[in-house]
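Asker: Would you be able to build a 3D model of this:
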Amino acid sequence: MSARSKARKRALDILFASELRREGAGVALDRAIADGEGPTNDYTTVLVRGVVEHQSEIDKLISDASVDWTLERMPAVDRNVLRIGVFEVLHMDDVPNAVAVSEAVHLVQDLSTDESPAFVNGLLGAIVRKLG
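Answerer: Next comes the predicted model:
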């Protein structure tokens, strides 16, 4: 597993845990760092802080592209993987869109439902096409 793949997984862990605890992801990241459990890869911090900073924009794109699924109805893993993927597509010029989509699909393959890879792939693909 590449360093960036591990960073994406750790970012997902932080985003997911912050939802379960009903605390901001930035707060969860800062607490993990203070407790000595913070990310060892700077890219994790970039992803978490980027999702937090751009979450309203990201969530709107996901909601607009989603048919019959609200953000709240999506599995928490899928929702947060989509946020990471959309952030990378929008704001990480050194990450090709195809890589962002592929990495997101890989994360949900391992961590979510059997239907999640197709769902995440289709939704991120629609967003990439819309952004042109």
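Asker: For Asp68, I want the exact helix or strand it lies within.
Answerer: Under the criterion DSSP states H and E, no helix or strand holds Asp68.
Asker: In terms of secondary structure, what does the host helix or strand of Ser56 contact?
Answerer: Element membership for Ser56 (DSSP H and E) is helix 55-65. Contacting helix 55-65 under the criterion 3 or more Cβ pairs under 8 Å, 6 or more residues apart in numbering; DSSP states H and E are the following elements: helix 76-91, helix 116-131. (Each C-beta comes from the backbone N, C-alpha and C, glycine too.)
Asker: Quick one: closest of the ones you listed to Ser66.
Answerer: helix 116-131 (6.0 Å; Cβ to Cβ).
Asker: now that closest one and helix 55-65, what's the angle there?
Answerer: 100 degrees (axes from the mean of the first three to the mean of the last three Cα atoms, to 10 degrees).
Asker: Mind listing what's buried along helix 116-131?
Answerer: Ser116, Pro117, Phe119, Val120, Asn121, Leu123, Leu124, Ala126, Ile127, Val128 (16 or more other Cβ atoms under 10 Å).
Asker: ok, now stretch 3-18?
Answerer: Under the neighbour-count rule (16+ other Cβ under 10 Å), stretch 3-18 has 4, 7-18 buried.
Asker: go on, stretch 55-70?
Answerer: Gln55, Ile58, Asp59, Leu61, Ile62, Ala65, Ser66, Trp69.
Asker: Now the second one: closest residue in space, sequence neighbours ignored.
Answerer: The spatial neighbour of Ile58 that comes closest, neighbours along the chain excluded (Cβ to Cβ, 6 or more residues apart in numbering), is Val86 at 4.6 Å.
Asker: Let me see the contact set for the one you found.
Answerer: Ile58, Leu61, Ile62, Leu124, Ile127 (Cβ atoms under 8 Å, 6 or more residues apart in numbering).
Asker: Okay, now the unreliable bits of the protein?
Answerer: Across the chain, the ranges flagged by pLDDT under 70 are 38.
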